[in-house]
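In: Sequence and predicted structure are below.
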Amino acid sequence: MKGRKDLLDIESLSVEEINFLLETALPFKNLIRQSVKKMPPLRGRHVLTLFYEPSTRTRSSFEIAAKRLSADVTNFAVSTSSVVKGESIIDTIDTMQAMQVDYIVVRHGAAGVPNLIAQHTKASVINAGDGHHAHPTQGLLDTFTINEVLGHAAGRRIAIVGDIQHSRVARSTSTILRKLGAQVAVFGPGPLIPDDRHSDMISFKTFDELFDWKPEVIYLLRIQLERQKEQFFPSLHEYHRLYGVTDERLRHIRAQGIYVMHPGPVNRGVELVDGVMTYERTLINQQVENGIAARMAVLYWLEPGTVARTAGD
Ligand code: CP
């Protein structure tokens, strides 16, 4: 299937493109489990990671994915760059463009920055998370993981729990799952459940209601205190009591055989107790491993441009 120049969100992907990426990730998952983990399709290509926000999983996962495909990788260290001297994003991109990078993987706290960069460079731009807008490769790796354990997403019941309002993960993962025919429900503090969510997304008031729905996956989110301008619940202790997976709820989850997912990083004692991390149907490490395969598929598929666009094009 013909690639696009950029991957900026899930909304703009067709179901055919999503399925192509998920199918392409399958042999890459097998490859990264071999003793020789490398193949040559991106030999001679250069990937730049440009993270204006912290990351453990996404940045290193892109770096590993690019290296598995034989690309060269430069990790741009924003905190020690001329960004701290006031250099603008566009001037930074122009500088990187002059170094002839082929792919720019960008994370930024402001929604829309990857789109802005994509309009300004011939390099393929991949959104690695922008504000509360989108995190498309997280959506892909989550769906790949659900396919692995449940066979397919269509018709599956997935409950997303936590701070839906500020979560780019919730937006991208719910969008891709709904595109593939899954039933997606949400549960969390009232002010953190968007009023403008899609009408087919049920919202629960209690964990008991959620359990009665018989979810096959409970997808926990971190409370994004860094994106909240006001206080939406009395305390983290109260959040854990009402919306966290406690020991008692974990017993229920185990009895129902529900899978547990989380994009990481987790806040133990807030959205989950320690026992969730060792529960046999917790998929957190599987998600991390699948992140490499999904990102390899994206890098393999995208087609960097040959002509830099300029403002006004
Ligand atoms: N899931 C995720 O985006 O994790 P990082 O913030 O560690 O990249």
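Out: Structure received. Residues are numbered from 1 along each chain as shown.
In: The spatially most central residue of the chain: what secondary structure?
Out: Within the chain, the residue whose C-alpha comes closest to the C-alpha centroid is Gln138; the distance, by CA atoms, centre = their mean, is 2.0 Å. Counting by DSSP: H, G, I helix; E, B strand; the rest coil, the backbone at Gln138 sits in helix.
In: With adjacent residues omitted, what lies nearest to it?
Out: When the adjacent residues along the chain are set aside, Gln138 lies closest to Val169, with 5.1 Å between them (CB to CB, 6 or more residues apart in numbering). (Each C-beta comes from the backbone N, C-alpha and C, glycine too.)
In: ok, that neighbour touching His135?
Out: Yes - taking contacts as CB atoms under 8 Å, Val169 lies within contact range of His135: 5.2 Å.
In: any idea where the strands of the stretch 101-250 of the chain begin and end?
Out: Here the stretch 101-250 of the chain has its strands, by DSSP state E, counting those that start in this stretch, at 103-108, 124-130, 157-161, 183-187, 203-204, 217-220.
In: by contact count, what packs against the fifth one?
Out: Packing partners of strand 203-204 (3 or more CB pairs under 8 Å, 6 or more residues apart in numbering; DSSP states H and E): strand 183-187.
In: Might you name the residue of the stretch 151-300 of the chain sitting closest to the ligand?
Out: Pro263 (3.7 Å; CB to the nearest ligand atom).
In: Now for that residue: which residues touch it?
Out: Going by CB atoms under 8 Å, 6 or more residues apart in numbering, Pro263 touches Arg57, His135, Gln138, Asp142, Val169, Thr173, Leu221, Arg222, Gln287.
In: Let's see that with 6 Å instead.
Out: Applying CB atoms under 6 Å, 6 or more residues apart in numbering to Pro263 gives the contacts Gln138, Val169.
In: picking that back up, pLDDT at the residue nearest to Gln138, what is it?
Out: Here, the pLDDT recorded for Val169 equals 97.
In: Flag every residue of the stretch 151-300 of the chain that's near the ligand.
Out: Where proximity means CB under 6 Å from any ligand atom, the interface of the stretch 151-300 of the chain facing the ligand comprises Pro263, Gly264, Pro265.
In: among the residues you listed, which are in strands?
Out: Among these, DSSP state E puts none in strands.
In: need those in CSV with pLDDT, can you?
Out: Putting those into CSV (pLDDT from 0 to 100) gives the following:
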residue, pLDDT
Pro263, 98
Gly264, 96
Pro265, 95
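In: So which of those is the closest to Met277?
Out: Gly264 (10.8 Å; CB to CB).
In: Quick check: closest non-adjacent residue to the closest one.
Out: Looking at Gly264 with CB to CB, 6+ apart, the closest residue is Arg57, at 5.6 Å.
In: Next, count neighbours for that neighbour.
Out: When counting by other CB atoms under 10 Å, one arrives at 16 neighbours for Arg57.
In: So for stretch 79-89, mean pLDDT?
Out: When the per-residue pLDDT values of stretch 79-89 are averaged, the result is 90.
In: And the helices in the stretch 201-313 of the chain?
Out: 207-212, 236-243, 247-256, 274-278, 284-301 (DSSP state H, counting those that start in this stretch).
In: which one of the ones you listed is the most hemmed in?
Out: Comparing the helices of the stretch 201-313 of the chain on average neighbours per residue, with mean count of other CB atoms under 10 Å, the densest one is helix 284-301 at a mean of 22.
In: Tell me which other helices or strands that helix touches.
Out: Using 3 or more CB pairs under 6 Å, 6 or more residues apart in numbering; DSSP states H and E as the contact criterion, the neighbours of helix 284-301 among helices and strands are helix 15-32, helix 57-68, helix 136-150.
In: redo that, cut-off 8 Å
Out: Helix 284-301 sits against helix 15-32, helix 57-68, helix 136-150, strand 259-261, with contacts defined as 3+ CB pairs under 8 Å, 6+ apart.
In: by how many degrees do that helix and helix 136-150 diverge?
Out: The directions of helix 284-301 and helix 136-150 differ by 120 degrees, with axes from the mean of the first three to the mean of the last three CA atoms, to 10 degrees as the criterion.
In: Would you confirm that the residue nearest to Gly264 contacts Asn285?
Out: No - the pair formed by Arg57 and Asn285 falls short of the contact definition of CB under 8 Å, at 10.6 Å.
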